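Chemist: for reference, the sequence and a predicted model appear below.
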Amino acid sequence: MRIRAVGFAALVLAFLAFAAVALAKEPTSRVYGAPGQDVDQQVGSAGDAGDVVTGTLPFTGLDLALLAAGATFLLLLGWGFRRLGRARAQA
């Protein structure tokens, strides 16, 4: 029981630390710049509408195989905890 209380207290402290970091950021126009500033420079005049730009979408760095491996790991971990809990309950 005491281990659970210490673990819970550590978890709460970790969440409070992350909250402090998140609240330290200031999402204002000073940080992001004036809205539409870059768009005006990229679009240009209305006469450029006939120009077609072809290409591919940028790679965002999100690897689906890594996500699938992580999901599988979490499912197997949960399944293992469930089996461990049943084994201890029967003993």
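Modeler: Perfect, thanks for sending it. Residues are numbered from 1 along each chain as shown.

Chemist: just checking, what's the longest helix in the chain?
Modeler: helix 64-90 (DSSP state H).

Chemist: which helices and strands sit right next to it?
Modeler: Under the contact definition 3 or more Cβ pairs under 8 Å, 6 or more residues apart in numbering; DSSP states H and E, helix 64-90 sits against no other helix or strand. Any C-beta I mention is one placed from the backbone N, CA and C, and that applies to glycine too.

Chemist: find the least confident helix or strand in this structure, judged by mean pLDDT.
Modeler: Sorting the helices and strands of the chain by mean pLDDT, DSSP states H and E puts helix 29-32 at the bottom, at a mean of 54.

Chemist: may I see the buried residues of the helix or strand hosting Ala20?
Modeler: Ala20 belongs to helix 2-24 when assigned by DSSP states H and E. By neighbour count with 16 or more other Cβ atoms under 10 Å, helix 2-24 contains no buried residues.

Chemist: no more questions from me, cheers.
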